[in-house]
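**Student:** My questions are about this predicted structure, shown below with the sequence.
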Amino acid sequence: MLTDSERFRFLMAHPNYWTDENIRNEADEIGKRMFQGRERAEKVIIVTLNGRIVLRGSAKEIAKRSTMNVSKIRDYASKEKKDCYGKQYRYESCDGKDFEEKSGAVV
């Protein structure tokens, strides 16, 4: 008996995948079962200006309030870079020893 992942790979590689409706439906059902509930929580990014917390939230939430796109915000946070306005982006550490005061706008 094939496992779901093996059967899914077999169906996706089938030569008649795009023409046979039954094959596509079976692959869709297996794919939904396999990839259901795999979402993970996004990391929290902290934006500071002159050492004070300005924004906290995920990259998507910060991008809504910024001119930068999501990938650039993630890149700045991973490198702990500053933008041209002097705002520094970084990922929130789990211990939180750097940020005793949790003031600032929460997105």
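**Tutor:** That came in fine, so what should we check first? Residues are numbered from 1 along each chain as shown.

**Student:** Skipping its backbone neighbours, what lies nearest the residue nearest the centre of the chain in space?
**Tutor:** Centroid check for the chain by Cα atoms, centre = their mean gives Glu42 as the closest residue, at 5.2 Å. Nearest residue to Glu42, sequence neighbours excluded (Cβ to Cβ, 6 or more residues apart in numbering): Ser58, at 4.0 Å. Using the backbone N, CA and C atoms, a C-beta is placed for each residue, glycine as well.

**Student:** who touches the one you found in this structure?
**Tutor:** Applying Cβ atoms under 8 Å, 6 or more residues apart in numbering to Ser58 gives the contacts 42-45, 107.

**Student:** Quick one: residues contacting the spatially closest residue to His14 that is not a sequence neighbour.
**Tutor:** Closest residue to His14 apart from its sequence neighbours, by Cβ to Cβ, 6+ apart: Ile23 at 5.5 Å. Contact analysis of Ile23 by Cβ under 8 Å, 6+ apart lists 11, 14, 16-17.

**Student:** Could you work out the most separated pair of those?
**Tutor:** Greatest spacing in the contacts of Ile23, by Cβ to Cβ: Leu11 and Asn16 (10.0 Å).

**Student:** Fine, thanks again, bye for now.
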